[in-house]
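Asker: Could you look at this predicted model? Sequence included:
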Amino acid sequence: MDEKLIKFKIIRNVVVLLAAVIIIWSIKLQVFEGKKYSRLSEKNRIRMKYVAAPRGRIFDRNGVEIANTRPGFYVSVVRAAIDSTTLERLSSILDTDGATIIEKSKIEKNPYNPVKIAHDISYEQLSLIEERIDVLSGVEVGVEPLRNYPYGELLFHLIGYVGEITDRELESDKTYSIGDYIGKMGLEEYYEGMLKGIRGVEYVEVDARGKEVGKITEKRSIPPTAGEDLLTTVDISLSESVAVYLEDYEKAACVCLNPQSGEILVLYSKPGFDPNLFTHGIQKLEWDILHKDPNAPMYNRAIMSCYPCGSTFKPFVALAALDSKLINEKQRFDWCAGEYRLGRRIFKCWKKHGSLDLHGAIVHSCDIYFYQLGRFIGIDTLFDRASRIGFGKKTGIDLPNEKQGLLPDRKWFEARYGSNWTTGHIFNLSIGQGDLLVTPLQLACAYTLFANKGKIPIPHVIEKPDTTYSTKDVSSEAIDIVKEALAGVVARGTGTLARVPNVEVCGKTGTSQNPHGEDHSLFVGYAPAADPVILVCLIAENAGHGASVAAPITGKIIKSYLNSKRQHEIAAVLQQGTSVQED
Amino acid sequence: MFKKIDLSIITAVGALSLLGVMMIYSTAGSALMARQIVWLVFSVFVALVFSRISPRIWANLTPLIYLASIFLIFIILLKSDVYPKRWIRLGEFSIQPSEFAKFATVLMLANYLATKKKLQSFSDMLAPIVIAGLPALLIFVEPDLGAAQIFLPILIVMSYWAGMSGLKILILFSPIISAAASFSIYVWAIYMVLLLIVLYFRKQLTDLIYGLVSNSLVGLIMPLVWNSLKVYQQKRIVSFFSPWVDPQGMSWQIIQSKIAIGSGRFFGKGFLSGTQKKLEFLPERHTDFIFSCLGEEFGLIGIIIVIAIYGYLTYRLLVLAKETRNRFSGIFVSGVMTWIGYQTFVNLGVTMGLLPVTGVPLPFISYGGSALLSCFMAIGVCLSVSRTKMAY
């Protein structure tokens, strides 16, 4: 019996000891580490969710929406909760493969957070997923605001597009979350800060499979703030007309602006691409094709393509000569016999012009006159005046990736050709060929000098109450002389096809030789001469002479704009009239 | 009828069973609760019947019961095509023979040990080892590591209670410690030195030879055995030693269970309000991990009360074992006490992350008819013992 009592006590003590161990351990878990585990349990349960803000809309000058948002359905997955059968089902619904889905979901480091893996799914796909949502563990669908471009390709280069944010962009800016859209080009990129708005925050309760089970009421959610709307100066109906006029040309660019205010009316580049397709999440293959296309559809020719601007440069050579008072308008040089001999080289003109004064040389676009004029005033004067007007410099438009072109000076020639550089280079420069490179927008802005009596406005796409000018300090007499010649170009010179009935149009043709094929056809014109409201700079690549292609199209654009402007004015007057009557 | 019956045991078991029904409702809903209630009513009935049968009759019936239970496990091992081979389907219900094997083995061990007036040498232990080892081995093969391990503490405590000296048992089962220590060569070396010291002072040649040979052999063979373990069994052991390494795999259970218990804090989140449980972060929350939900919903207060009830039940069984004059009855009750006590400790230890994950149900509380019925059978026999404890 004694032995039994000892054993009883030993076993009893062991039982007490084990119970004590368990109790001490639970005191450790629940009292000392209770706070930590409570936090972990909340973290398990509550998921902070960002709610995308609807992007600001973009309007044209007449209040037409040219970019807005529409609701679209997305699919997201929680990597930790997804299993192989779910992956298989989901990839067959979304017509992709499981590896791609997993790859996409890996952008989010935390496997318990949902990641959007498909945007803008079809109603059919949506219903297929919703039907099986109970067996598709870790899969969710939701609604998000998606970007929509009603005019598609027409405004692609001007507005740009939005695409899913990349890892690097995500890292550099913490106000974005995974799966957000970000402006990638054009206005969307330039005004990203205004357009994007502020994302909201929502707290939801989730279960172990990452499925949302409800809203959390004890934590207040913050609704998203919509992005600001952009009011642009773009004229959508004129843009449509421009696109129609350029239908027959594969590659072209057109800038229309108000020369007095610098408001961009049209900024068109061809070929383009429908930006709505980027919203779906463009496939890598399509992306590669888009970038390797020899016609470069991603490229905004109006501000990024640099061309030798041909004869459209001549007025500025004349202006440089007049402004520096090295000649007057009566100046004549050796007469034009169709060609000009310089040492052993022969420089040609496109026609035998005979003897011309400055006015006639601009009107008839005589190359031989300008060869000699260029040589006469010299590279330094030419560079000084042309660079003052803005050649070789960015215009400062509110769009990203503007190119500055190239205006060569003495140093540049020396660096490029060494001591071999000759008068021949000046000859070429004087007729806008050779090394000169100009963007269509740059050229348009340079011409506002004539249209706007010596003041060049900084071009802008967004409506602004007042315009910033850069005054060019060029004598107004010189400007008037060249202006008169520009009127003559359209009235009786090379640009007669740009004539518009009852309106005095000023302009200059240009034919830009290039090594890649047929000449580019250029025309810059503005109207009405006395009080210009539109300036058009148009280039049709590989289309031929400026006189025969670009000039007539410019005439049509000017005519179309002035007509619709008059109609708007009449409508406004009528409306005023009726409202007066009502009073 | 209840005059001489131990009411304290009935009260403790009743409280735990009702708590179990409540927790099953909280974790698995009313449908499973209803099934558990059906099992509970049946189990209570069986226990009452068993309590009317005198221990002498139990002793006579023992070999039959034992063989029947071994036979049942054999059948599922041969016939079951579901893996793991743990259940036999009987219409609406499925039963788990391993649970009944615990009851049968405790009976059989008590029956055998009661006939041995003196337990001194290793050879006396041979038969008990076979009696407990056979079902343990079969269950291990199913495989069900959690159920198989119970037989060892039962064997140890019952033979200890039957008269074996503690040191002798320690030496006998020392190869198990050797196996555990063999994971690290240094730990194993230190263990072997300590063992040698003990054996030297004991000054018994058979003990010395047995201890040295068996421990050395096991220590060398262990790495081979490790490799023969099922991957999930290895993983469980590994994940115990490094639970945060692989939060989605095995240790997910431990982490979520600890989060559940820890976040219950002092007073708990309230009955039916456990978020870990409700949102299904807890795996096996109505069976092996039901205690985590209990900790989450009732907090430290709830845990202390539950442990107090289990402690009290264990203590009462121990007292009963001591007070019983009949040798068979005493040894039997000590076995039941070990079974319930050990299983409770392991279950609680696992849910709290104190022990490696082994699937062990919490007696009287976890969902599962076989485990409940088997425990009630044992309690029924214990009540019969308490009724007749003054008789030899």
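Answerer: That came in fine, so what should we check first? None of the values given here were measured: they were computed from a predicted structure.

Asker: all contacts plus neighbour counts: C-alpha atoms, from now on.
Answerer: Fine.

Asker: Enumerate every residue touching the nearest residue to B:Glu296 once chain neighbours are set aside.
Answerer: What sits nearest to B:Glu296 in space, not counting adjacent residues and going by CA to CA, 6 or more residues apart in numbering or on different chains, is B:Gly264, at 3.9 Å. For B:Gly264, the contact set (CA atoms under 8 Å, 6 or more residues apart in numbering or on different chains) comprises A:30, A:34, A:38, B:295-300.

Asker: how about the strands of the stretch 51-200 of chain B, start to end?
Answerer: Applying DSSP state E, counting those that start in this stretch to the stretch 51-200 of chain B gives strands spanning B:88-90, B:93-95.

Asker: With distance to B:Ile254, mean neighbour count and mean pLDDT added, can I get the ones you listed in a markdown table?
Answerer: Formatted as a markdown table, the strands of the stretch 51-200 of chain B follow (distance: least, CA to CA, whole Å; neighbours: other CA atoms under 10 Å in any protein chain shown; pLDDT from 0 to 100):
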| stretch | distance to B:Ile254 | mean neighbour count | mean pLDDT |
| --- | --- | --- | --- |
| strand B:88-90 | 29 | 12 | 77 |
| strand B:93-95 | 27 | 15 | 80 |
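
Asker: could I get those strands as CSV with distance to chain A?
Answerer: Shown next, in CSV, are those (distance: least, CA to the nearest CA, whole Å):
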stretch, distance to chain A
strand B:88-90, 27
strand B:93-95, 27
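
Asker: so where's the stretch 151-300 of chain B uncertain?
Answerer: Where the stretch 151-300 of chain B drops to pLDDT under 70, the residues are B:237-251, B:279-280.

Asker: mind redoing it with 80?
Answerer: By pLDDT under 80, the low-scoring segments of the stretch 151-300 of chain B are B:183-184, B:223-227, B:229-253, B:275-284.

Asker: Quick check, A:Pro54 in contact with A:Gly197.
Answerer: Yes - counting by CA atoms under 8 Å, A:Pro54 does reach A:Gly197; the two are 7.0 Å apart.

Asker: Name the residues contacting each of those two.
Answerer: Counting by CA under 8 Å, 6+ apart, the residues touching both A:Pro54 and A:Gly197 are A:224-227.

Asker: so A:Ser512 bridges to which residues?
Answerer: Beta-bridge partners for A:Ser512, by DSSP bridges, are A:His520.

Asker: Correct me if wrong: B:Ile309 contacts B:Ala12.
Answerer: Yes - in this structure B:Ile309 lies within contact range of B:Ala12 using CA under 8 Å: 6.0 Å.

Asker: residues touching the residue nearest to the spatial centre of chain B, list them.
Answerer: Among the residues of chain B, the one closest to the centroid is B:Gln343, at 3.5 Å (CA atoms, centre = their mean). If you count contacts by CA under 8 Å, 6+ apart, B:Gln343 has them with B:150, B:360-363.

Asker: Let me know the secondary structure of it.
Answerer: helix (DSSP: H, G, I helix; E, B strand; the rest coil).

Asker: so what's it scoring on pLDDT?
Answerer: Looking at B:Gln343, its pLDDT is 96.

Asker: same deal with the one 5 residues further on?
Answerer: According to the model's per-residue confidence, B:Leu348 sits at a pLDDT of 95.

Asker: A:Gly544 is in contact with A:Ser521, isn't it?
Answerer: Yes - the pair A:Gly544 / A:Ser521 is scored as a contact, 5.2 Å apart, by CA under 8 Å.

Asker: Just give the nearest non-adjacent residue to the closest residue to chain A within the stretch 101-250 of chain B, would you?
Answerer: Nearest to chain A in the stretch 101-250 of chain B, going by CA to the nearest CA, is B:Trp161, at a distance of 7.1 Å. With sequence-adjacent residues excluded and distances taken as CA to CA, 6+ apart, B:Trp161 is closest to B:Ile331, at 6.3 Å.

Asker: which one of the contacts of B:Gln343 sits closest to chain A?
Answerer: B:Leu362 (14.2 Å).

Asker: Out of the contacts of B:Gln343, which one has the weakest pLDDT?
Answerer: B:Val360 (90).

Asker: burial count for that residue?
Answerer: Counted with other CA atoms under 10 Å in any protein chain shown, the neighbours of B:Val360 add up to 25.

Asker: cool, A:Ile570 as well?
Answerer: Per other CA under 10 Å, the neighbour tally for A:Ile570 reads 12.

Asker: For A:Asp235, see how far away it is.
Answerer: The gap separating A:Ile570 from A:Asp235 is 18 Å, by CA to CA, to the nearest Å.

Asker: now swap in B:Phe376 and tell me
Answerer: For B:Phe376, the distance to A:Asp235 - CA to CA - is 88 Å.

Asker: got a list of what A:Thr423 touches?
Answerer: Shown in contact with A:Thr423 (CA under 8 Å, 6+ apart): A:Arg375.

Asker: Return the residues in contact with B:Lys102.
Answerer: B:Lys102 makes contacts with B:151, B:339, B:374, as judged by CA under 8 Å, 6+ apart.

Asker: Buried ones among these?
Answerer: Among the contacts of B:Lys102, those scoring as buried are B:151, B:339, B:374 (criterion: 16 or more other CA atoms under 10 Å in any protein chain shown).
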